[in-house]
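Asks: Return atomic coordinates for the entry below.
(one chain, ligands or ions: 1)
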Amino acid sequence: MIEVRELTKRFGRTVAVDGLTFHVKPGRVTGFLGPNGAGKSTTMRVILGLDHPAGGEALVGGRLYSRIRHPMREVGALLDAGAVQGGRTPLGHLSWIARSNRVGRERVVSVIEQVGLAGVARKRIAGFSLGMRQRLGIAAALLGDPGVLLFDEPVNGLDPDGVRWIRELMRGLAAEGRTVLLSSHLMSEMELTADHLVIIGRGRLLADTAMRDLTGVRDVFVRSPRAADLAAALSAAGGTVAPAGSGNGEGADLSVRGLGPVEIGDLAARHAIPVHEITPRAASLEETYLRLTEAVTDHVSGRADR
Ligand SMILES: Nc1ncnc2c1ncn2[C@@H]1O[C@H](COP(=O)(O)OP(=O)(O)OP(=O)(O)O)[C@@H](O)[C@H]1O
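Replies: Numbering: from 1, shown residues only. This is a model prediction of the structure:
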């Protein structure tokens, strides 16, 4: 369990984290989302004792990171995969970390195999791709077999096979009862990987919610040649009805909220109104995320179609 309470961190005049409170529970993958500069990495660095907060605290298993006797055995993290000496080999690099944390050599061999680097265990890291460095960073995080894991952008630089591997690894670690906090800007991937989401913007909490609650059914698309009659009947039954698109000439398309597809179908039948399509539409995580963070995004991109 990770507990972040009223956390504040400033860099000069910049407030990177602003009174942030959330918990990361074991047994599920918690996605950590927010626009560039929202304060995700800073929060993770404070959790790991690498930055000191101006206010509040971050606890791992009820303690400050600095108070944990064998931190590697309780918390594993991948923050910056580039921060490895190129002259070392994976075996040398991980053996050095293992020795300084009293972790056995057999564990080093085991994590090298787990992350798929067995074939290059004795090769110099200098020649590694970003994806291979990410795998090495993940191996270091797993080395102490910790119950709490933090990964900052672990899919960065990975090919589709690697991305899928990370997804399965994260889900596997959570299924073993570990606490997994994962940041990524890849919404489609996050949608497949995380069970729960913490979304921040300008250092503040925007959402702390189950994935299914954020991306549930958005509306029901309904097509009927007698759309106006159907809209009136649906509104009378408590639905919120709006035009959906421009229609196809034989009637208008409707977007209906507050009534399910079965209720809509039954209602149409009772009024003898023909219906040509009823489709529940889910909101994607990307759509919901962009709506939530619209007001707190500092670097807005130009639209490609302009
Ligand atoms: N060492 C530092 N010195 C000064 N400012 C910093 C430092 N680290 C972070 N910041 C600032 O704090 C804010 C939060 O940055 P942070 O890296 O935590 O955001 P992030 O959500 O991880 O962003 P990204 O998605 O781009 O990685 C930004 O305004 C950033 O410029």
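Asks: From now on I want contacts and neighbour counts done on CA atoms only, so please keep to that.
Replies: Noted.
Asks: Now do the strands in the stretch 201-306 of the chain.
Replies: 204-210, 217-224, 240-243, 252-257, 277-282 (DSSP state E, counting those that start in this stretch).
Asks: Which parts of the stretch 51-200 of the chain are strands?
Replies: 55-60, 75-78, 148-152, 179-183, 196-201.
Asks: I'd like these as CSV, with mean neighbour count, mean pLDDT and distance to the ligand appended.
Replies: CSV is the format used below for the strands of the stretch 51-200 of the chain (neighbours: other C-alpha atoms under 10 Å; pLDDT from 0 to 100; distance: least, C-alpha to the nearest ligand atom, whole Å):
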stretch, mean neighbour count, mean pLDDT, distance to the ligand
strand 55-60, 20, 96, 15
strand 75-78, 24, 94, 13
strand 148-152, 24, 96, 8
strand 179-183, 26, 97, 8
strand 196-201, 24, 95, 8
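Asks: Quick one: closest of the ones you listed to G92.
Replies: strand 75-78 (18.1 Å; C-alpha to C-alpha).
Asks: Could you tell me how many residues sit around D161?
Replies: 9 (other C-alpha atoms under 10 Å).
Asks: any idea of the pLDDT on it?
Replies: Predicted confidence (pLDDT) for D161: 87.
Asks: From the ligand, how far off is it?
Replies: 23 Å (C-alpha to the nearest ligand atom, to the nearest Å).
Asks: ok, residues contacting the helix or strand where R10 lies?
Replies: Secondary structure from DSSP states H and E places R10 in strand 2-11. Residues from elsewhere that reach strand 2-11, judged by C-alpha atoms under 8 Å, 6 or more residues apart in numbering: 15-25, 42, 47, 52-62, 148, 179.
Asks: Please point out which parts of the least confident helix or strand in the chain by mean pLDDT sit buried.
Replies: When the helices and strands of the chain are scored by mean pLDDT, DSSP states H and E, helix 211-214 comes last with a mean of 85. Under the neighbour-count criterion of 16 or more other C-alpha atoms under 10 Å, helix 211-214 has 211, 214 buried.
Asks: got the contact list for it?
Replies: So helix 211-214 is contacted by 191, 194-197, 285, 288 (C-alpha under 8 Å, 6+ apart).
Asks: which bits of the stretch 1-150 of the chain sit near the ligand?
Replies: 11, 16, 34-42 (C-alpha under 6 Å from any ligand atom).
Asks: is the residue nearest the centre of the chain in a bridge, and if so with what?
Replies: For the chain, G31 is the residue whose C-alpha lies nearest the centre (C-alpha atoms, centre = their mean; 2.7 Å). In this entry, G31 is beta-bridged to L182, L197, by DSSP bridges.
Asks: Can you flag the buried ones in the contacts of helix 211-214?
Replies: 191, 194-197, 285.
Asks: thinking again about what came up before, quick check: of the residues of the stretch 1-150 of the chain next to the ligand, which lies closest to R218?
Replies: Among those, G34 lies closest to R218 (C-alpha to C-alpha), at 21.9 Å.
Asks: okay, now the closest one: neighbour count?
Replies: Look at G34: counted by other C-alpha under 10 Å, it has 27 neighbours.
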